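Participant: Provided below for reference: sequence and predicted model.
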Amino acid sequence: MTDGDGFPYFIDAVSRRSGLPSGQAATLARAVLRTMAERVTGDAPDDPVGRLPDRVDGYLIGPPPVEGGAAVAPPTDAGPAEFLRRVQERAGVDPAAARAGTAAVFATLRQAMTVREFHEMVARLPRDDS
C-alpha cells in the first residue's frame, strides 16, 4: 500500500471495509483525511504519514481548506461527534455512511502504519470532554 501512488489501493481497502462503492469510498476517504489534517494537533516525534501513499499524505499534511477565498481555521478541540459531522458535510453523505467510511479509513490507516505511528497520530486528535 505504500509503493508509488497507492491511493487506488487505499480506496479499494476503504471500499471493502465500509461496503461502499469505490467512488463514495474515495469521497469519504478524502473527507476523513482532510478533516484529520485539520484536527491533528501537537508535534509527534516522527512523521506519522511518512509511510502512506503520496496522494494520501497530501490530505494529512496539506494546506488548510479554503472557503470563499480565505483559509478556514477549524476548531482543533472538537471531538469525535464534530469530526463525523464535518466528514458527513464534506462528503455529502448520511450519518451512517460517514461513520462507516470513517471507521474504514481509520482501519486502513492502521494497516498502513506501524502501531506506534498510528497511536501517535490518534493521540494527536482531540477527544470529547464527556
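Facilitator: Yep, that arrived. Numbering: from 1, shown residues only.

Participant: my guess is F118 contacts R110. True?
Facilitator: Yes - F118 lies in contact with R110 (Cβ atoms under 8 Å); the separation is 5.0 Å. Every residue, glycine included, has its C-beta placed from N, CA and C.

Participant: okay, the helix or strand hosting A13 in CSV with CA atoms only?
Facilitator: Secondary structure assignment for A13, by DSSP states H and E: helix 7-18. Extracted C-alpha coordinates of helix 7-18, given in CSV (Å, rounded to 0.1, in the frame of the first residue of the first chain):
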residue,chain,number,x,y,z
PHE,A,7,-4.2,5.9,-3.4
PRO,A,8,-6.2,3.5,-5.5
TYR,A,9,-5.2,0.6,-3.2
PHE,A,10,-6.1,2.7,-0.2
ILE,A,11,-9.5,3.4,-1.7
ASP,A,12,-10.1,-0.3,-2.6
ALA,A,13,-9.3,-1.2,1.1
VAL,A,14,-11.7,1.5,2.4
SER,A,15,-14.4,0.4,0.0
ARG,A,16,-14.1,-3.3,1.1
ARG,A,17,-14.1,-2.4,4.8
SER,A,18,-17.0,0.0,4.5
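
Participant: what helices or strands is it leaning on?
Facilitator: helix 22-39, helix 54-61, helix 95-112 (3 or more Cβ pairs under 8 Å, 6 or more residues apart in numbering; DSSP states H and E).

Participant: of these, which approaches R124 most closely?
Facilitator: With Cβ to Cβ as the criterion, R124 lies closest to helix 22-39 of those, at 8.0 Å.

Participant: got the angle between the closest one and helix 95-112?
Facilitator: Inter-element angle recorded for helix 22-39 and helix 95-112: 70 degrees (by axes from the mean of the first three to the mean of the last three Cα atoms, to 10 degrees).

Participant: go through the helices and strands packed on helix 7-18 and pick out the most buried.
Facilitator: helix 22-39 (a mean of 21; mean count of other Cβ atoms under 10 Å).
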